[in-house]
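1. Predicted structure and sequence below. I'll ask about it afterward.
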Amino acid sequence: RSIVILISGRGSNMEAIVRAAQGEQWPAKISAVISNRADASGLEFAAAHGIPTEVIPNREYATRDRFDAALREKIDAYAPDLVVLAGFMRILTAPFVEHYKGRMLNIHPSLLPSFPGLATHRQALAAGVKLHGATVHFVTPDLDHGPIVAQACVPVQEDDSEEVLAERVLEQEHVIYPRAVRWFVEGRLALDGARVRLAPAAA
Ligand code: GRF
């Protein structure tokens, strides 16, 4: 099976997935890492691990539709079974999302449906929640609202800053995202209408 990962920056979730795929010998390969920014530092890690990298600068496209069309063409050249959004900071158009229906995952740094959108750790601190976390979900046209695949939670401490809280959440992201991707490539995870189906592990 083939996986394409989209990033915009640091790419630590991509890195966790690549390490798991290689270390745990998944029945899948990471076919490409694609970024909308040439300066995404994660591209270096991917290249150093022998993974083809591509940059499609969104700024060079006049409209979202054109950018998404170019991105789709690039992705589909690798014929992926799964597209993984890992800190990919672009809102995707509905036709693009439809095209990858049931085969595109995202990770969001909050316990959805709480705190969709940006600055999730700031939102959590402002709300005074005692538990915060991360969510892996299938991507649907409704931003940050797709069917939930996996979640992890962390405590929020009295004196947390946004950065400290983000770090605590990120550690859990690196646990649940590789796990969810592995479920998918093993054929255990699927989207069935609006529901997530997860089959038990083979004995
Ligand atoms: C992560 O917190 C992810 O949940 C969010 O953006 C951040 C990306 O971090 N969507 P990285 O690029 O994977 O290190």
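-> Yes, it's here.
2. who's the nearest residue to residue 103 once chain neighbours are set aside bridged to?
-> With Cβ to Cβ, 6 or more residues apart in numbering as the criterion, residue 103 has its nearest non-adjacent residue at 5.3 Å, and that residue is residue 82. Backbone N, C-alpha and C define where each C-beta goes, glycine included. Beta bridges link residue 82 to residue 3, judged by DSSP bridges.
3. In contact with residue 82, which residues?
-> Residues near residue 82 by Cβ atoms under 8 Å, 6 or more residues apart in numbering: 1-4, 28, 103-105, 181, 184-185.
4. could you pull out the strands for this protein?
-> Here the chain has its strands, by DSSP state E, at 2-7, 29-35, 53-55, 82-85, 104-108, 131-138, 148-155, 189-192, 195-198.
5. Turn these into a markdown table, columns for distance to the ligand and mean pLDDT.
-> Formatted as a markdown table, the strands of the chain follow (distance: least, Cβ to the nearest ligand atom, whole Å; pLDDT from 0 to 100):
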| stretch | distance to the ligand | mean pLDDT |
| --- | --- | --- |
| strand 2-7 | 6 | 98 |
| strand 29-35 | 10 | 98 |
| strand 53-55 | 14 | 98 |
| strand 82-85 | 8 | 98 |
| strand 104-108 | 4 | 98 |
| strand 131-138 | 6 | 98 |
| strand 148-155 | 11 | 98 |
| strand 189-192 | 19 | 97 |
| strand 195-198 | 19 | 98 |
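6. ok, which stretches of this structure are helices?
-> 12-23, 42-48, 64-76, 94-99, 120-127, 162-185 (DSSP state H).
7. Out of those helices, which is closest to residue 155?
-> helix 162-185 (8.0 Å; Cβ to Cβ).
8. so how far is that closest one off the chain centroid?
-> 10 Å (Cα atoms, centre = their mean, to the nearest Å).
9. Any residue of it touching the ligand?
-> Yes: interface with the ligand: helix 162-185 contributes 170, 173 (Cβ under 6 Å from any ligand atom).
10. Sort out which residues of that helix are buried, please.
-> The neighbour-count check on helix 162-185 (16 or more other Cβ atoms under 10 Å) flags 165-166, 168-170, 172-174, 176-185 as buried.
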